[in-house]
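K.L.:
Give me a model of this one.
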Amino acid sequence: MNTAATVNPALPSALATALDDEYRARATYQAVITHYGPVLPFVNIVQAEQRHIDALLALFGHHGVTPPTDRWSGQVSPPSSLRQACEAGVAAEIANYQMYDALLTQVSEPDVRTVFMNLRHASAYHHLPAFESCVARFGTTGNSLTTAAADPNNTLPLWLGLAVGAGLTWWLTQQRKEA
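P.N.:
This next block holds a predicted model:
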């Protein structure tokens with residue numbers, strides 16, 4: 001753990017900026033889920049935002065810096081349509097990776113740089129494309145409600161269920177043979 005004398009003076013501010021932005025993103029995406037239900041990609045990305053927050057909080061502890069409190073939880077209103085929510089997600093993820101580009105110029109600590117680069121990568125190459133697809137899916141009307149449970153294009157739950165069922169059937173067959 002770094003002592004106060006060895007802490008890069010820009011580090012506390014950089015960490016606080018990143019954490020505040022991740023708190024904001026989590027609260028925004030959670031507001032969409034609360035209002036519209038378990039809509040893709042919000043249900044997946046809100047979980048990713050929590051992982052981002054956890055990674056940043058670990059850096060605060062490692063470097064002996066006090067994290068800011070979450071000022072966003074429960075304070076964000078959802079957009080008036082799912083299309084607007086997806087468009088806001090596109091804008092937020094672009095702003096997020098640009099924020100990390102700027103923050104990376106301020107920090108030299110290898111662990112902080114690694115986390116910042118990983119979070120930047122997640123925004124630019126995972127979250128942004130998911131929200132761009134969301135915008136395309138909701139088109140101009142914003143009436144197409146796609147949830148994690150009911151996405152007709154998401155065959156993962158079906159295949160996962162079949163695979164688990166086949167595995168369970170095999171395991172039960174093996175147990176009967178051994179008995």
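K.L.:
which stretches of this protein form helices?
P.N.:
Along the chain, counting by DSSP state H, helices occupy 11-36, 42-62, 82-104, 110-122, 128-138, 156-178.
K.L.:
In the chain, where is pLDDT below threshold?
P.N.:
Counting by pLDDT under 70, the chain has low-confidence residues at 1-7, 140-179.
K.L.:
how does the chain divide up, domain by domain?
P.N.:
Structural domains annotated on the chain: 4-148, 152-179, as defined by automatic domain parsing.
K.L.:
Out of the ones you listed, which is the most enclosed?
P.N.:
Counting by mean count of other CB atoms under 10 Å, domain 4-148 has the highest mean neighbour count of the domains of the chain, with a mean of 17. Bear in mind the C-beta positions are built from the backbone N, C-alpha and C, glycine included.
K.L.:
give the contact list for the nearest residue to Val107 once chain neighbours are set aside.
P.N.:
Leaving out its chain neighbours, the residue that sits closest to Val107 by CB to CB, 6 or more residues apart in numbering is Ala14, at 5.2 Å. By CB atoms under 8 Å, 6 or more residues apart in numbering, the contact set of Ala14 is 103, 106-107, 112, 116.
K.L.:
Repeat that for Tyr97.
P.N.:
Here Tyr97 is in contact with 120, 123-124, 128 (criterion: CB under 8 Å, 6+ apart).
K.L.:
Could you save the residues you listed as a markdown table and add columns showing distance to Asp54?
P.N.:
Output for these, formatted as a markdown table (distance: CB to CB, whole Å):
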| residue | distance to Asp54 |
| --- | --- |
| Arg120 | 17 |
| Ser123 | 16 |
| Ala124 | 20 |
| Leu128 | 21 |
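K.L.:
Which of these sits closest to Arg71?
P.N.:
Ser123 (20.6 Å; CB to CB).
K.L.:
thinking again about what came up before, now for the contacts of Tyr97: which two are most distant?
P.N.:
The widest separation within the contacts of Tyr97 (CB to CB) is 10.8 Å, between Arg120 and Leu128.
K.L.:
Looking at the helices of the chain, spot the one closest to Arg71.
P.N.:
Arg71 sits nearest to helix 11-36 of all the helices of the chain, at 7.1 Å, using CB to CB.
K.L.:
and the angle from that closest one to helix 110-122?
P.N.:
30 degrees (axes from the mean of the first three to the mean of the last three CA atoms, to 10 degrees).
K.L.:
now helix 11-36, how far from the chain's geometric center?
P.N.:
Chain-centre distance of helix 11-36: 9 Å, with CA atoms, centre = their mean, to the nearest Å.
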